[in-house]
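Enquirer: okay, here's the prediction I keep looking at, along with the sequence it came from:
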Amino acid sequence: MASANTEPAATDGGLFLGLISGTSVDGIDAALVRFSPAPQVLFGRTYPLPAALADEVLRLSQAEARITLDEAGRLDTQLGQAFAAAAMQALADSGTLARDVTAIGSHGQTLRHDPRGDAPFTLQLGDANVIAERTGITTVADFRRRDVAAGGHGAPLMPAFHAAVLRAEHEERAVLNLGGIANLTLMPRGGVVRGFDTGPANGLMDAWCLEHRGQPYDRDAAFAREGRVDETLLAALMADPWFELPPPKSTGRDQFQLQWLRARLGGQTPADVQATLCELSAATAADALRREQPGCARLLACGGGAHNPLLMQRLAARLPGVAVASTASVGLDPDFVEAAGFAWLARETLAGRPGNLLAVTGAAGPRVLGAVYRG
């Protein structure tokens, strides 16, 4: 893969390890990637967060949650330890030596994301000092805050990676990442690449399923299939003004969480709510794609939601004339696209190349993202 920004740098070769724990908090995704001569995910696996740590992250992701400075400090270290452990296990499981990895790209764990306030900020925890110290590998982290400092949203960051590895000049494409939050990358033929969050993907469904079924996610959409879409509830959810905001825009679990949902509920059964949440994810993503890229011919889905058969069916039903498929159809494992993307961002940072797209984040200019912690 040749960069669109500059000539290849010396750091472009070798192996890169990407790490991310997303808004679904369902584990740390690790992807070992080689980018030269062509991008290839050599190994990918998801490692569970310690249960108590995952529970604490989920608690703190709710809008009204509070935390002391001591708790925040400990959580930053504990998440750094968890990311370091995942990195070391990925190396062991893939039979890779630490000295053969050029760098780790660690996204960390998002706790808050508010790029629109009087003092815009985005907060990811998972101390990269700990990762670099425990692995001995140069670690690049804190990718989002430079873009926010430049007036951008700091999200989504994957469109630049999607454009580098999934764009096709012969057809109009889009990529839909279905994590806790859904985000689109629009890749028109010969046009400007754009991207933005569309709203909840799995986050609300997972939280509702955990509360009512004790399961972390709705496997094969079995819970949702027991119910029916409540059109009144769907309309109430879609009436949130956020959905009408123009791009660039981004959001997180601190906005779309169970308190937000409960404020709009009537007397629906739990299964009907689950079915409606699935339809909400499909409807808001499909509406955004039709509005922003009406000529799209192929939608490539990645993230955990790509395994939800009902969500994929509803996306296809709402997008007649668009071929809806997983990124697996073009050779990229949908479970590790984001982790591979942060490996790519680490490569770009070390090469001194910008990692943001202005049409996506709204930043004042291209910026080299992330801080480097030498191994």
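Expert: Received the coordinates, thanks.

Enquirer: hmm, His85 is touching Leu49, no?
Expert: Just to correct that, residue 85 is Ala rather than His. No. At 9.8 Å, Ala85 does not count as touching Leu49 under the criterion of Cβ atoms under 8 Å. C-betas here are computed from N, CA, C, even on glycine.

Enquirer: could you give the mean pLDDT of the helix or strand harbouring Ala31?
Expert: Assigned by DSSP states H and E, Ala31 belongs to strand 28-34. In this model, strand 28-34 carries a mean pLDDT of 97.

Enquirer: could you check how far the residue nearest to Arg112 when sequence neighbours are not counted is from Gly304?
Expert: In space, and not counting its chain neighbours, Arg112 is closest to Leu123: 4.5 Å by Cβ to Cβ, 6 or more residues apart in numbering. Per Cβ to Cβ, to the nearest Å, Leu123 is found 23 Å from Gly304.

Enquirer: check Pro37 too.
Expert: 30 Å.

Enquirer: please name the bridge partners of Tyr373.
Expert: Thr139 (DSSP bridges).

Enquirer: so it touches Arg134, yeah?
Expert: No. Between Tyr373 and Arg134 there is no contact under Cβ under 8 Å: 11.3 Å.

Enquirer: tell me the secondary structure at Leu186.
Expert: strand (DSSP: H, G, I helix; E, B strand; the rest coil).

Enquirer: ok, the one 5 residues further on next?
Expert: Three states are possible here, and by three-state DSSP the one that applies to Gly191 is coil.

Enquirer: roughly how far does it sit from Glu169?
Expert: From Gly191 across to Glu169, the span is 11 Å (Cβ to Cβ).

Enquirer: show me which of those two is the more surrounded one.
Expert: Gly191 (12 against 8; other Cβ atoms under 10 Å).

Enquirer: tell me the pLDDT at that one?
Expert: 88.

Enquirer: re earlier: who does the strand holding Ala31 pair up with?
Expert: strand 15-21 (antiparallel), strand 40-47 (antiparallel).

Enquirer: I'd say Leu332 and Ala340 touch.
Expert: Yes. Counting by Cβ under 8 Å, Leu332 touches Ala340, with 7.4 Å between them.

Enquirer: give me the nearest residue to Ala201, chain neighbours excluded.
Expert: According to Cβ to Cβ, 6+ apart, the nearest residue to Ala201 is Ala182 (3.7 Å).

Enquirer: same for the helix or strand where the one you found lies, what does it pack against?
Expert: Assessed by DSSP H and E, Ala182 sits inside strand 181-187. Here strand 181-187 touches helix 158-166, strand 173-178, strand 194-200, helix 270-292, going by 3 or more Cβ pairs under 8 Å, 6 or more residues apart in numbering; DSSP states H and E.

Enquirer: hmm, back to that, more neighbours: which of Pro37 and Gly304?
Expert: Gly304 (24 against 9).

Enquirer: can you tell me how far that one is from Arg99?
Expert: 33 Å.

Enquirer: and for Leu358?
Expert: For Leu358, the distance to Arg99 - Cβ to Cβ - is 37 Å.

Enquirer: cool, and Cys296?
Expert: 44 Å.

Enquirer: which of those two has more residues huddled nearby?
Expert: Cys296 (21 against 8).

Enquirer: for the strand holding Ala31, list every residue counted as buried.
Expert: Burial within strand 28-34, assessed by neighbour count using 16 or more other Cβ atoms under 10 Å, is assigned to 28-34.

Enquirer: least confident secondary structure element in the chain?
Expert: helix 51-60 (a mean of 88; mean pLDDT, DSSP states H and E).

Enquirer: quick check: next helix or strand after that one?
Expert: Using DSSP H and E, the helix or strand that follows helix 51-60 in sequence is helix 69-94.

Enquirer: quick one: average pLDDT of that following helix?
Expert: In this model, helix 69-94 carries a mean pLDDT of 97.

Enquirer: list the buried ones in it?
Expert: Those would be 75-76, 78-88, 90-91, for helix 69-94 by 16+ other Cβ under 10 Å.

Enquirer: do the same with stretch 37-53
Expert: Using 16+ other Cβ under 10 Å as the test for burial, stretch 37-53 gives 39, 41, 43-47, 49, 53.

Enquirer: can you redo those as CSV with distance to Met238?
Expert: Output for those, formatted as CSV (distance: Cβ to Cβ, whole Å):
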residue, distance to Met238
Pro39, 36
Val41, 35
Phe43, 40
Gly44, 34
Arg45, 36
Thr46, 31
Tyr47, 36
Leu49, 32
Leu53, 34
